[in-house]
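Asker: Dropping a prediction and its sequence here:
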Amino acid sequence: MHVLVIDTIHGGNAIGESFFARGDSVDCVDVYRKESAIDVPTALAGTYDLIVAPVHLDPDHPLLKFSHAPVISHHDAVRRLLGENIPQPMIEITGGWGKTTTAHALASLMQGEGILHTSNGTYRFPEKKLISRSSITPASVLAVTKLAHEIHGWLIVEESLGVTGAGNLSIITSASDYFFAAGKKSAIAAKVESAKHARHLLLAENILADSSGLVTHIEDIAVSKDTECCIIFSGKTAKFSNPLLAIPGYHSSLMLAAAAAMILGMDPGPLSSFSALPGRMSVSYKKGLLIVDNANSGTNIATTIEAARYARHISGKEAITLVIGQVAGDGAVCEGFTIDRIREAIENIRPSQVIWVGTFPLPGTSEYNSLVPLISSSAATLKEAFATALRKTDYGSIVLAVKTWR
């Protein structure tokens, strides 16, 4: 079979190598940097039996629009390449937010050896040893599956914009939506579509989806009030309590992890001792100032507003230094924190001062003119911005709300 794999930046090379390893003829095209041996005009002139394209590619791209070969996504390609050769169990997690927290919470319940792959790193359990850091593109599933096989362990893998459906359980962590692929696709629709082959699909609240396998809606099996959660599944009941359940950013993730545990036949009770992850509403103190760290790949307007509310609740003070933005050049963060949403967050929170992180809009633009009155200072990196915040803040709290991989 002659296969064309599109987009070498986001894992296309790894997918191409896997097709080649099984005996297929493969061409890989870099449609963004145009640095591949095969360019778009050459590919357009070629004849292929299968085209593998990332879900985020503009559907009107010439290689898709004028193709006569069947087209599948990177997610579908990985499922085909894995076949039945998956770790036991294998859990896939996607969603607009809450992926990493859900993954870590579920991993904390797993028994024996395993691999956890998330946006903040790939870890070997039970020692929680950091192995490496890589993207959460579907192609990464190939490498971490191999790691799990090597230790005969389980696998929990976070994925962007969908799941492969190869795992025993797939989870969609939120119904949040935005448009991507040149503004022509709905993110939640793409994630739901990717899960149509899932063997068992667990859904956060307010998500409608069909699957060839089992489908479980979290609202049908779990209920949470204040800091208590109760799950009823397959005739069994489990309960746990955790102060983090009172925080919207953790509420859904902990419930999903607990439900997943029940589906996998495990006790979710140990989640009572699960603590906040660094960069995900974690709390610390420096110079007598409260720091609420919510700088991660899933940072958005909702989590930023919640982080500010949380900071005011804990500190008892209105004054907030807000560190906000998106790290320049951090292209791995495909679900962007747009300037208009950042401005909306600032206007909603009304912080004492704002430290901008990343590229600022060009002078003379409407975005520049609307932001300038709100910004106290700027920095290129989160580290630099945090240092600036500590230097400039004498009272209240600091909230880190920068969208970046950590």
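Answerer: Perfect, I can see it now. This is a predicted model, so every value here is computed, not measured. Numbering: from 1, shown residues only.
Asker: need the strands for the stretch 51-200 of the chain, in chain order.
Answerer: With DSSP state E, counting those that start in this stretch as the criterion, the stretch 51-200 of the chain has strands at 71-73, 90-94, 114-118, 121-125, 129-132, 154-158, 169-172, 179-180, 185-186, 200-203.
Asker: What helices and strands are in contact with the fourth one?
Answerer: Using 3 or more CB pairs under 8 Å, 6 or more residues apart in numbering; DSSP states H and E, the elements in contact with strand 121-125 are strand 114-118, strand 129-132, helix 140-150. (Each C-beta comes from the backbone N, C-alpha and C, glycine too.)
Asker: can you tell which of these is closest to residue 395?
Answerer: strand 114-118 (35.3 Å; CB to CB).
Asker: Just give the strands next to that closest one in its sheet, each with its orientation.
Answerer: If you go by DSSP bridges, strand 114-118 pairs up with strand 121-125 (antiparallel), strand 154-158 (parallel).
Asker: any residues touching that strand, and which ones?
Answerer: 87, 99-100, 103-104, 107, 122-126, 131, 134, 136, 140-141, 144, 147-148, 151, 153-158 (CB atoms under 8 Å, 6 or more residues apart in numbering).
Asker: Measure how far that strand is from the centre of its chain, please.
Answerer: Put simply, strand 114-118 sits 14 Å off its chain's centre (CA atoms, centre = their mean, to the nearest Å).
Asker: May I see the buried residues of that strand?
Answerer: The neighbour-count check on strand 114-118 (16 or more other CB atoms under 10 Å) flags 114, 115, 116, 117, 118 as buried.
Asker: what do you get for stretch 27-44?
Answerer: Of the residues in stretch 27-44, 27, 28, 29, 30, 31, 36, 38, 40, 43 count as buried by neighbour count, 16+ other CB under 10 Å.
Asker: Can you tell me which of those residues lies closest to residue 301?
Answerer: Distance from residue 301 was checked for each of the buried residues of stretch 27-44 by CB to CB. The minimum falls on residue 31, at 30.4 Å.
Asker: Mind checking which of the contacts of strand 114-118 are buried?
Answerer: 87, 99-100, 103-104, 107, 122-125, 134, 136, 140-141, 144, 147-148, 153-158.
Asker: quick one, domains of the protein?
Answerer: 2-69, 80-273, 282-403 (automatic domain parsing).
Asker: right, so those: which one is the most enclosed?
Answerer: domain 80-273 (a mean of 20; mean count of other CB atoms under 10 Å).
Asker: end to end, how far does that one reach?
Answerer: By CA to CA, to the nearest Å, the extent of domain 80-273 from end to end equals 38 Å.
Asker: And for stretch 94-104?
Answerer: Start and end residues of stretch 94-104 are separated by 13 Å (CA to CA).
Asker: same question, stretch 199-213
Answerer: End-to-end span of stretch 199-213 (CA to CA): 4 Å.
Asker: average pLDDT for it?
Answerer: Averaging pLDDT along stretch 199-213 gives 91.
Asker: Between its first and last residues, how far does stretch 221-238 reach?
Answerer: Start-to-end span of stretch 221-238 (CA to CA) is 11 Å.
Asker: Please state the offset of that stretch from the chain centre?
Answerer: On CA atoms, centre = their mean, the centre of stretch 221-238 falls 25 Å from that of its chain.
Asker: avg pLDDT for it?
Answerer: Per-residue scores along stretch 221-238 average to 96.
Asker: which stretches of the stretch 201-350 of the chain aren't confidently modelled?
Answerer: For the stretch 201-350 of the chain, applying pLDDT under 70 flags the ranges 328-336.
Asker: those helices in it, which residues are they?
Answerer: Listed from the start of the chain, the stretch 201-350 of the chain has helices (DSSP state H, counting those that start in this stretch) covering 218-221, 248-263, 301-315, 339-349.
Asker: Centroid-nearest residue for this structure?
Answerer: Residue closest to the average C-alpha location in the chain (CA atoms, centre = their mean): residue 99, at 5.0 Å.
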